[in-house]
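>>> Please work out how this folds:
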Amino acid sequence: LMKYAQFYLIGKNSGLKSCLLLDDFLTDFDRNRLEQCLKLLDQSEVQIFITCPINFEQLLSITPDIQRIIL
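Numbering: from 1, shown residues only. Here you go, the predicted structure:
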């Protein structure tokens, strides 16, 4: 979340649009914190890429406006 705060402040001060990559950060949260984090990220108006080993259906049940990319 510190990275998100930095990203938010830099974007707000520069006025530029960009995307955010969050690598494997969701695994340390319980469901309540996970929901709070995803709501915060959903409120931002930027493209966000999240990599995580969490079951996709679990994320989809929390926030239905999410897309999955399998590499």
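>>> contacts, neighbours, all on C-alpha from now
OK.
>>> Remind me which helix or strand Leu21 belongs to.
Assigned by DSSP states H and E, Leu21 belongs to strand 19-23.
>>> centre of the chain versus that strand, how much separation?
7 Å (CA atoms, centre = their mean, to the nearest Å).
>>> Excluding chain neighbours, what is closest to Leu20?
Ile48 (4.7 Å; CA to CA, 6 or more residues apart in numbering).
>>> And for the most centrally placed residue in the chain, nearest residue in space, chain neighbours not counted?
Closest to where the C-alpha atoms of the chain average out (CA atoms, centre = their mean) is Leu41, at 4.7 Å. In space, and not counting its chain neighbours, Leu41 is closest to Ile48: 7.8 Å by CA to CA, 6+ apart.
>>> On the three-state scheme, the one you found is what?
strand (DSSP: H, G, I helix; E, B strand; the rest coil).
>>> now do the same end-to-end measure for stretch 43-62.
Length of stretch 43-62, first residue to last, CA to CA, to the nearest Å: 14 Å.
>>> List the buried residues of that stretch.
By 16 or more other CA atoms under 10 Å, the buried positions in stretch 43-62 come out as Leu59, Ile62.
>>> list the contacts for Ser18?
By CA atoms under 8 Å, 6 or more residues apart in numbering, Ser18 lies in contact with Gly11, Val46, Gln47.
>>> same check, this time on Thr51
By CA under 8 Å, 6+ apart, the contact set of Thr51 is Leu21, Leu22, Asp23, Asp24, Phe25.
>>> which residues of this protein score low on pLDDT?
Within the chain, no stretch has pLDDT under 70.
>>> where exactly do the helices run in it?
Here the chain has its helices, by DSSP state H, at 2-14, 31-43, 56-62.
>>> Could you dump the ones you listed into TSV and include distance to Leu71?
Below are the helices of the chain laid out as TSV (distance: least, CA to CA, whole Å):
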stretch	distance to Leu71
helix 2-14	24
helix 31-43	22
helix 56-62	14
